[in-house]
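Undergrad: Please work out how this folds:
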Amino acid sequence: SSLPGLLGLPYELVAPLVGLAALALLVHRRRDGLAFGLGLGAVAALAWVAADLADYGYGLGFAGGAEDTRQAIASGGPLPFQLFLALGVVAGSAVAVRRPMRLPGVSRAGGAFAGGVLMGVGATTAKACNIGHGVTGLGLLSLGSLVAVGAMAAAVIATSAVLRRGEK
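TA: Here you go, the predicted structure:
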């Protein structure tokens with residue numbers, strides 16, 4: 001189900017209104033991340049095109065990639081689009097880094113691993129990852145994605161508060 005479905009209005013009416021509301025919020029806030037946001041939007045749009053060309057039928061998302069890859073290897077079928085998307089993200093990150101790459105300390109690596117496990121559990125529970133919900137699902141105005149992204153935002157705020165308290 002979707003926000004337009006809940007409101008009983010066509011997507012073509014609701015989507016521009018939501019977009020204008022988001023733009024109004026952006027205008028009243030700092031614009032530090034504007035270039036990054038526009039770049040991410042362009043990448044998301046290109047991912048839809050690439051996914052369509054690969055007969056994948058879905059834009060950005062990683063949650064099912066490991067299982068789909070395992071099934072493809074077991075069956076001898078073609079490797080999934082998500083595998084190549086993930087490899088592209090890793091390769092792009094390595095190319096984009098401006099400093100020599102180094103391994104993180106044990107504490108940071110442990111925290112990142114724990115966060116990754118929690119995100120994996122959340123992605124499995126929510127039937128999509130943060131990218132699938134945040135980029136693809138929100139673009140479709142999916143109610144499940146609105147709830148999932150809201151929960152992720154609340155978790156980020158709560159975790160930031162705990163970490164800030166620990167620094168004092």
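Undergrad: Would you quantify the distance from residue 34 to residue 40?
TA: When Cβ to Cβ, to the nearest Å is the yardstick, residue 34 and residue 40 sit 11 Å from each other. Yep, even glycine has a C-beta here, placed from its N, CA and C like the rest.
Undergrad: typo on my end, it should be residue 107
TA: 29 Å.
Undergrad: so who does the residue lying closest to residue 126 once chain neighbours are set aside touch?
TA: Nearest non-adjacent residue to residue 126, counting by Cβ to Cβ, 6 or more residues apart in numbering: residue 148, 4.6 Å away. Residue 148 sits next to 122, 126, 128, 133, 137 when contact means Cβ atoms under 8 Å, 6 or more residues apart in numbering.
Undergrad: Contacts made by stretch 91-99 with the rest, please.
TA: Outside stretch 91-99, the residues touching it (Cβ under 8 Å, 6+ apart) are residue 101.
Undergrad: so for that stretch, what's the average pLDDT?
TA: What stretch 91-99 shows for mean pLDDT is 84.
Undergrad: could you dump that stretch to PDB, C-alpha only?
TA: Below are the C-alpha coordinates for stretch 91-99, written out as PDB (Å, rounded to 0.1, in the frame of the first residue of the first chain):
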ATOM      1  CA  ALA A  91      35.000  -0.300  -6.400                       C
ATOM      2  CA  GLY A  92      33.600   3.200  -6.500                       C
ATOM      3  CA  SER A  93      34.400   3.700  -2.800                       C
ATOM      4  CA  ALA A  94      37.900   2.600  -3.300                       C
ATOM      5  CA  VAL A  95      38.400   4.900  -6.300                       C
ATOM      6  CA  ALA A  96      36.800   7.900  -4.500                       C
ATOM      7  CA  VAL A  97      38.800   7.700  -1.300                       C
ATOM      8  CA  ARG A  98      41.100  10.700  -1.000                       C
ATOM      9  CA  ARG A  99      43.500   9.200   1.600                       C
END
